[in-house]
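> Following is a predicted model, sequence given first.
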Amino acid sequence: LDKDKKVIKVEPGILLADLNDELEQYNLEFPIKPLFAGIETIGGMLAKNSAGDNEIKYGRMMARVDSLEIINAKGEQTKVSKSDLSEIIGMEGTTGIIISATLRLSEKKPKTMMILKAEDLDNVFNSNKKLRLNMDVCSIDLINRELSQTLGLEPKYHIFVELENDKGNIKGTDFEKF
C-alpha cells in the first residue's frame, strides 16, 4: 500500500469486502462496487471488467488499474502496463492468469442519498442528464411506478441518487440501512 499515491498491489483472490475493510483504517477505498461486492474477488472483477453502482463516477475496473502481473499463454510471467490492459481485463481469464494487480484507490468520502420523484419519463430523463453532470453523484437508480407502489411509495417514478457529499437527506446509519 502506498497511502500517498493511493495505490495498492493485491493478489487476485482477495475479496473486495476484505480489501475495503483493511483500507478503512487509512480512510481509503477501492470504489468499484459490483452487485455482489461482499463475495467478489479482485481477480473475478478484473476478468469481467466489473462495474457497479459507482460506475457513473469511477468507471469500470480497467479505469482503476495501473498494471497487472500475469502468466501468459506461453507460461511466461510478465508485467502488463496501462496501454495493454485491454488484452487481459474483461477477457474472463482466456489471455492469461493474473498474479497481482496494482489498483488506484480513492479517499473514502461521506455518502448520502436523496430520492427524487417524477411524474413521467421525460422528467426522469431530464433529471438523469442533469445528475450525470454532478461530480458528486455516484449512482442513479430508477424505480418505476409499479415497483414504487409495491414498496409503499407514491405511484410515481422514484430516482434514488447516491452522493459523495453531505447534501443528501438520507445520511449515516439510515443511509447504511438503505
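Now that the structure is in, tell me what you want to look at.

> switch to C-alpha atoms for all contacts and neighbour counts from now on
Will do.

> gap between stretch 60-70 and the chain center?
Offset of stretch 60-70 from its chain centre (C-alpha atoms, centre = their mean, to the nearest Å): 14 Å.

> That stretch spans what distance, first to last residue?
20 Å (C-alpha to C-alpha, to the nearest Å).

> next one: stretch 141-151
Span of stretch 141-151 from end to end, C-alpha to C-alpha: 15 Å.

> what about the residue of the chain most remote from its centre, distance to residue 49?
Taking C-alpha atoms, centre = their mean, the residue of the chain most remote from its mean C-alpha position is residue 74, at 32.8 Å. Separation of residue 74 from residue 49 (C-alpha to C-alpha): 23 Å.

> Same question for residue 169.
Separation of residue 169 from residue 49 (C-alpha to C-alpha): 32 Å.

> So between the two, which is more surrounded?
Ranked by neighbour count (other C-alpha atoms under 10 Å), residue 169 and residue 49 place residue 49 first, with 20 against 12.

> so how far is residue 154 from the closest residue to that one other than its chain neighbours?
Counting by C-alpha to C-alpha, 6 or more residues apart in numbering, residue 90 is the residue found nearest to residue 49 once chain neighbours are left out, at 4.4 Å. From residue 90 across to residue 154, the span is 40 Å (C-alpha to C-alpha).

> of the two, who's got more company?
Neighbours were counted for residue 90 and for residue 154 using other C-alpha under 10 Å; residue 90 has more, 20 against 14.

> can you tell me which residues contact that one?
Shown in contact with residue 90 (C-alpha atoms under 8 Å, 6 or more residues apart in numbering): 46-50.

> In the residues you listed, find the pair that's most separated.
Greatest spatial distance among those (C-alpha to C-alpha): 47 and 50, at 7.9 Å.

> quick one: residue 72 from residue 99, how far?
According to C-alpha to C-alpha, residue 72 and residue 99 sit 10 Å apart.
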